[in-house]
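Trainee: Below is the sequence, then the predicted model.
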Amino acid sequence: MKDFNLLAILLKPEFGAMLLHGLLETLKIAAGSWLLAMAMAIVLLVVRLTPNRLAGRVVAGYVSYHRNVPTLVQLMLWYFGIFSLLPDALQGWLSVHNAETLLSIVALGLCQGAYFSEDMRSGLRSIPPGQAEAARALGHGYIGSMRHVMLPQAIRNAVPALVNHSVSLFKNSSLAMAIGVAELTHAVKEIESQSFRTFEAYSVATVLYLVCSLLIMAAGGWLSRRYRIVGAR
């Protein structure tokens, strides 16, 4: 058994380059899927709260699917299933522009959007009914009241839950390795296979994931304090 030597990983230029590339790919996937998830969550929430029952049931079915099917299965479905059903021209374009990363962003973003929408729906429920009535009294329609009055407060109330699911999204980016994305976990696996230093390689990955997750939580805590609704506990 080899002695523990972290410098054997950190000081080797090719390993350092692999780690940096993997970390940047992980951050790219996490950021892209987070933006997609937030946009999707707002759309889902607005549609679900309309008086149309069919629209509400469609959104409820969407949320139920993404919350009950494993994220890895959803990634596989997009990469091996839906991708093959796309037009040839689009498949070719995606293949040239890093299809694995783009499909990972889509799959993770659509999946996490279901969680984000439920977080914001819970935040919306905590808003006093008088807020909606006041928005209507000011002349806002449904979209206007949601945009200017209800959604900003709902997002503020949902910040703690959104931060928790943002951390989960960041960690789930490691699943993209299963479809060939050279993200951080994939890079660490390659380093381990070349160096035969399993403990050291995965120790580096553990520290990097931990630091990034703590930074996300710290940013969420700052946002929660910075944009806390006056009078809220």
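Mentor: Received the coordinates, thanks. Note that the structure is a prediction, hence the values are computed from the model and not measured. Numbering: from 1, shown residues only.

Trainee: okay, CA-based contacts and neighbour counts for the rest of this
Mentor: OK.

Trainee: Give me the neighbour count for residue 13.
Mentor: Residue 13 has 10 neighbours, counted by other Cα atoms under 10 Å.

Trainee: Let's see stretch 188-205 as CSV, backbone CA atoms only.
Mentor: Provided in CSV are the C-alpha atoms of stretch 188-205 (Å, rounded to 0.1, in the frame of the first residue of the first chain):
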residue,chain,number,x,y,z
VAL,A,188,-10.8,12.4,-10.7
LYS,A,189,-11.6,8.9,-12.0
GLU,A,190,-9.2,9.4,-14.8
ILE,A,191,-6.5,10.6,-12.4
GLU,A,192,-7.1,7.7,-10.1
SER,A,193,-6.7,5.2,-13.0
GLN,A,194,-3.5,6.8,-14.1
SER,A,195,-1.9,7.4,-10.7
PHE,A,196,-3.3,4.4,-8.8
ARG,A,197,-3.7,6.8,-5.8
THR,A,198,-7.4,6.3,-5.1
PHE,A,199,-7.5,7.9,-1.6
GLU,A,200,-5.6,11.1,-2.7
ALA,A,201,-7.7,11.5,-5.9
TYR,A,202,-11.0,11.3,-4.2
SER,A,203,-9.8,13.4,-1.3
VAL,A,204,-9.2,16.2,-3.7
ALA,A,205,-12.7,15.7,-5.2
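
Trainee: List the contacts of residue 89.
Mentor: Listed by Cα atoms under 8 Å, 6 or more residues apart in numbering, residue 89 has no contact partners.

Trainee: Can you give me the pLDDT of it?
Mentor: We have a pLDDT of 92 for residue 89.

Trainee: what separates residue 187 from residue 201, distance-wise?
Mentor: Distance, residue 187 to residue 201, using Cα to Cα, to the nearest Å: 9 Å.

Trainee: ok, now residue 56?
Mentor: Taken as Cα to Cα, the span from residue 56 to residue 201 is 47 Å.

Trainee: again with residue 84
Mentor: 35 Å.

Trainee: So these two - more neighbours on which side?
Mentor: A side-by-side neighbour count of residue 84 and residue 201, using other Cα under 10 Å, places residue 201 first with 26 against 12.

Trainee: Which residues are in contact with the more buried one?
Mentor: 6, 9, 188-189, 191-192.

Trainee: what's the offset of whichever strand or helix holds it from the middle of its chain?
Mentor: Using DSSP states H and E, residue 201 maps to helix 198-226. Relative to the chain's own centre, helix 198-226 is displaced by 15 Å; criterion: Cα atoms, centre = their mean, to the nearest Å.

Trainee: and if you look at stretch 117-126?
Mentor: Counting by Cα atoms, centre = their mean, stretch 117-126 comes out at 17 Å from the chain centroid.

Trainee: Give me the contact list for it.
Mentor: For stretch 117-126, contacts defined as Cα under 8 Å, 6+ apart pick out 38, 40-42, 44-45, 150-151, 153-158, 161-162.

Trainee: switch the cut-off to 7 Å
Mentor: Contacts to stretch 117-126, defined as Cα atoms under 7 Å, 6 or more residues apart in numbering, come from residues 41-42, 44-45, 150, 154-155, 157-158, 161-162.

Trainee: Likewise for stretch 54-64?
Mentor: 44, 47-49, 114.
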